[in-house]
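In: Compute the structure for the input listed below.
(one chain, ligands or ions: 1)
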Amino acid sequence: MAAKLVFSRPAAVTVSRIFEVGIQTSSFSSTASRPAILFQSLRHILTCASSWGCNGYGRYHPRGIASSPDCDIPDAGSAAVALDTRVPATVITGFLGSGKTTLLNRILTAQHGKRIAVIENEFGEVDIDGSLVASHSSANEDIVMVNNGCLCCTVRGDLVKMLLELVKKKRDKFDHIVIETTGLAKPGPVIETFCSDELVSQHVKLDGVVTLVDSKHSMQHLDEVKPRFVVNEAVEQVAYADRIIINKIDLVTEADLERLTKRIRHINGMAQIMQAKFGAVDMDFVLGVGGYDLERIESEVQINNSNCATHQHDIGDEHSRGQHHDHVHDSAVNSVSIVSEGTLDLDEVDDWLERLIEEKGEDLYRLKGVLSISGSDERYILQGVHSMLDGCPGKSWGPDEKRISKLVFIGRHLDETALRKGLNGCLV
Ligand SMILES: Nc1nc2c(ncn2[C@@H]2O[C@H](COP(=O)(O)OP(=O)(O)OP(=O)(O)O)[C@@H](O)[C@H]2O)c(=O)[nH]1
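Out: Below you'll find the predicted structure:
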């Protein structure tokens, strides 16, 4: 079943084994550079999206191009616009030993009715996890690909090739792609692959980032102080997550769990969290998450405001009043939620967001929000990853409904006061 392939690649990365799917990959592209700022003005999105519906990525344009009246997209009546046939992809991340492979094996053996293609990414020449998964994987249609090297740095070009090859040659053989990253991977560049690579975003949509957290050891990794300019991978993995599984709860006490949950919530106030032993969670929690679906943003923002036991940001709380409250732990990466009552001027919001992503795009990991725009009866739904923003009109406001804008940011060195001031400055 397995084909062996030898790649010419940097020293630490030598052999790749590919199961079932043979992909010829010979060159590697470095992904050190960030994509250019891709900003589409809200006014443009509002005008276009209302005529062709929310169907996700592939419509980021530099502001200049965005003023094109025909919106530079397929015509509103075409089936491609109405139906999103892209294959969903889940990224599993988490620190070394946190339980990623254990979860992956559950996904491959559970009865969820989905045929799964797996892209696995490990360091080192001997691919232990790959063999594990292969032996567990009973269904013939499971496709397992293994690639040595770190997806987040040297081989993002390979990820693009693998994804495209999969959809080109095997699209009818699977319903969902799962990518297991190495424990030391930074998820940011992997996520950006789905948003910024035009071909990938045409065929594959990021369903969600699932982060495994080892209850026993993760606190020490999260608290580890890194040298300047060195990223703490454990923190990043939590920050980018749509779903967080606090795993190995059999190894810790309730008090440990509570402390860890608070710490995680401080970093990421958006993600849904679940505790587990040996990655045993409901498959709905990890597959079909729709973490980047604009249609789900509003409920996500609300779910997380109401579910957040340790870091509430409801309207009228200390954050919205601009006061400080006890944070569990000081960290460069954290979540900030801001709410603002009233309606916002579209052009002001446009300018503010454009400035924000120009200045802070690198540090802005995730952004989700619901905005109340002056002159519009509909909510405006927004989401972003670094300098890429996506948005569309949402549900209409009720006649007596209070118009409240709500934005949640996750990022490094976020200035909560400045963010609040920025949003409030857009009020009419
Ligand atoms: N006690 C306990 N052990 C667990 C649990 N989940 C996983 N393990 C064990 O932890 C070890 C590491 O699990 P893996 O699933 O390989 O973790 P991983 O994140 O894929 O590890 P790396 O690939 O090294 O990053 C294995 O021995 C698992 O059986 C759990 O909930 N409780």
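In: Give me every residue in this structure lying close to the ligand.
Out: Proximity of the chain to the ligand (CB under 6 Å from any ligand atom) is limited to residues 94, 96-102, 129, 183, 212, 247-248, 250-251, 277-279. (C-beta placed from N, C-alpha, C; glycine too.)
In: what about 8 Å?
Out: For the chain, the contact set with the ligand under CB under 8 Å from any ligand atom comprises 94-105, 122, 129, 132, 180, 182-183, 212, 214, 247-251, 276-280.
In: Just the buried ones from those, in ChimeraX syntax?
Out: In ChimeraX, this line selects whichever of these come out buried by 16 or more other CB atoms under 10 Å:
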select :94,95,98,99,100,101,102,103,104,105,122,129,180,182,183,212,214,247,248,249,276,279
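In: Strands - which of the residues of the chain next to the ligand land there?
Out: 94, 122, 180, 212, 214, 247 (DSSP state E).
In: quick one, what contacts the residue nearest to the fifth one when sequence neighbours are not counted?
Out: Right, the one you point to is Asp214. Once flanking residues are discounted, Asp214 sits nearest to Ser98: 4.2 Å by CB to CB, 6 or more residues apart in numbering. Applying CB atoms under 8 Å, 6 or more residues apart in numbering, we find Ser98 in contact with 183, 212-214, 218, 247-248.
In: Save those residues as a markdown table, and put in pLDDT and distance to Asp158 too.
Out: Below are these laid out as a markdown table (pLDDT from 0 to 100; distance: CB to CB, whole Å):
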| residue | pLDDT | distance to Asp158 |
| --- | --- | --- |
| Gly183 | 72 | 18 |
| Leu212 | 97 | 23 |
| Val213 | 97 | 27 |
| Asp214 | 96 | 28 |
| Ser218 | 92 | 28 |
| Asn247 | 97 | 28 |
| Lys248 | 96 | 31 |
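In: Output those as CSV; include the columns distance to Lys173.
Out: Output for the contacts of Ser98, formatted as CSV (distance: CB to CB, whole Å):
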residue, distance to Lys173
Gly183, 29
Leu212, 27
Val213, 32
Asp214, 33
Ser218, 36
Asn247, 30
Lys248, 34
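In: Which two among the residues you listed are spaced furthest apart?
Out: Spatially, the most separated pair among those is Gly183 and Lys248, at 14.1 Å (CB to CB).
In: Run a quick neighbour tally on Asp172.
Out: 8 (other CB atoms under 10 Å).
In: secondary structure element for the residue lying closest to Pro88 once chain neighbours are set aside?
Out: Distances taken as CB to CB, 6+ apart put Asp207 closest to Pro88, at 3.7 Å, once the chain neighbours are dropped. Following DSSP states H and E, one finds Asp207 within strand 204-214.
In: isn't there a helix covering Met162?
Out: Yes. Counting by DSSP: H, G, I helix; E, B strand; the rest coil, Met162 is located in a helix.
In: That one: neighbouring residues, count only.
Out: Met162: 24 surrounding residues under other CB under 10 Å.
In: That one touches Ile119, doesn't it?
Out: Yes. Checked against CB atoms under 8 Å, the pair Met162 and Ile119 is within contact range at 5.6 Å.
In: coming back round to it: number of nearby residues for the residue nearest to Pro88?
Out: Residue neighbour count, defined by other CB under 10 Å, stands at 25 for Asp207.
In: picking that back up, now for the ones in strands among the residues of the chain next to the ligand: which two are most distant?
Out: Of all pairs drawn from these, the one with the longest distance (CB to CB) is Glu122 and Asn247, at 18.8 Å.
In: now the helices for the stretch 251-400 of the chain?
Out: 254-267, 283-286, 294-307, 346-360 (DSSP state H, counting those that start in this stretch).
In: looking at those helices, which has the lowest confidence?
Out: Looking at the helices of the stretch 251-400 of the chain, the lowest mean pLDDT belongs to helix 294-307 (a mean of 59).
In: Leaving out sequence neighbours, find the closest residue to the residue in the stretch 151-300 of the chain that the ligand sits nearest to.
Out: In the stretch 151-300 of the chain, the residue that lies nearest the ligand is Gly183 (3.3 Å; CB to the nearest ligand atom). Counting by CB to CB, 6+ apart, Gly183 lies nearest to Leu96, which is 3.4 Å off, once chain neighbours are set aside.
In: in the stretch 101-250 of the chain, which segments are predicted with low confidence?
Out: Along the stretch 101-250 of the chain, segments meeting pLDDT under 70 span 121-156, 184.
In: what about the strands in the chain?
Out: Residue ranges of the strands in the chain, as given by DSSP E, are 2-6, 15-19, 87-94, 116-122, 143-148, 176-180, 204-214, 243-247, 272-275, 333-341, 364-372, 378-385, 388-396, 404-412.
In: contacts for the shortest one?
Out: The reference is to strand 272-275. With contact meaning CB under 8 Å, 6+ apart, strand 272-275 is reached by 215, 242-247, 249, 257, 261, 264-265, 281, 285, 303-304, 307.
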